[in-house]
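> Sequence first, predicted model second:
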Amino acid sequence: MLTAVLDSYRAHRFAWLFFSLLLTLGAHPALEALVPGFNPLELLLAVNLVAALASAAHERWFRVLLLLGIAFVVTRGIRAVLGVEVLLPISEVLWVLASLLATVATARHALRAGVIDAERIFAALAVYLLTGLIFAICYWLLDQTWPASFGGASASGLDLARAIYFSFVTLATVGYGDVIPASDSARGLAILEAVGGQMYLTVLVARLVSLYSKQVDK
């Protein structure tokens, strides 16, 4: 039974990663509204990290990913037990590094040669969502390191939820303007995300269309 479950997971690992990312984006605002005082965001990010690591299990650098994941869990555990707040940004840096490597592995799967199937599509979508979350953590770390890096009419500091919101608004190039990058570093990071996101979509569509055309010709 366990072997069958593991085989099923391996066959659909990018689908699980994609849906765990969607859960993070959609569920945490609803849970915060339904259960005041409960912040599931950190738990959901940990779930995302586990799913991202599992999706990259066959990569050469998986041991590095595993070490980063373990270090993330250890630092979060020590912070929770001992209340050492300085470990929070350290754990977030570990999350970013591990997720970045996992994103590269997922992008390799999405863009490599071969048959276009559902797993390849889920991998491509997961890369987009992971990128948004990675930039969100970077925005949060930037604001923690240099306060007032972000401003706006109703800004009172950039917490993690607002950082995720700003990241995906930037990635989608919507630009509502309620959260504004005020420092040069924040603006540079926002430009990198907006331009990189659009370039990724352009390259992705071109690559998938090219692979699909070859698949149809055969």
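Happy to help now that I have it.
> Now the element after the strand or helix carrying residue 67, going C-ward?
Taking DSSP states H and E as the criterion, residue 67 maps to helix 62-82. Downstream of helix 62-82, the next assigned helix or strand under DSSP H and E is helix 87-111.
> Can you report phi and psi for residue 150?
Backbone torsions for residue 150, taken as degrees, to the nearest 10, come to phi -130, psi 140.
> any idea how far it lies from residue 191?
Taking C-beta to C-beta, to the nearest Å as the measure, residue 150 falls 14 Å from residue 191. C-beta here means a position set from N, CA and C on the backbone, and glycine is covered the same way.
> now do residue 132
15 Å.
> cool, and residue 174?
For residue 174 relative to residue 191 (C-beta to C-beta), the value is 15 Å.
> With residue 110 instead?
For residue 110 relative to residue 191 (C-beta to C-beta), the value is 24 Å.
> neighbour count winner among the two?
residue 110 (23 against 12; other C-beta atoms under 10 Å).
> At the geometric centre of this structure, which residue do we find?
residue 130 (2.6 Å; C-alpha atoms, centre = their mean).
> what about that residue, helix or strand, and which?
Residue 130 belongs to helix 118-145, assigned by DSSP H and E.
> Would you mind pulling up the elements that the helix or strand that that helix is followed by packs against?
Following helix 118-145 in sequence order, the next helix or strand is strand 150-151 (DSSP H and E). When contacts are defined as 3 or more C-beta pairs under 8 Å, 6 or more residues apart in numbering; DSSP states H and E, strand 150-151 packs onto strand 180-181.
> how does it look with 10 Å?
helix 118-145, helix 160-171, strand 180-181, helix 184-217 (3 or more C-beta pairs under 10 Å, 6 or more residues apart in numbering; DSSP states H and E).
> any idea how far residue 45 is from residue 184?
In this structure, residue 45 lies at 28 Å from residue 184, with C-beta to C-beta as the measure.
> Looking only at neighbour counts, state which of these two leads.
residue 45 (23 against 9).
> burial of residue 202, as a residue count?
The local packing of residue 202 (other C-beta under 10 Å) involves 10 other residues.
> now the helix or strand bottoming out on mean pLDDT in the chain, how far from the chain's geometric center?
Using mean pLDDT, DSSP states H and E, the weakest-scoring helix or strand in the chain turns out to be helix 2-11, at a mean of 75. The chain centre lies 24 Å from the centre of helix 2-11; the measure is C-alpha atoms, centre = their mean, to the nearest Å.
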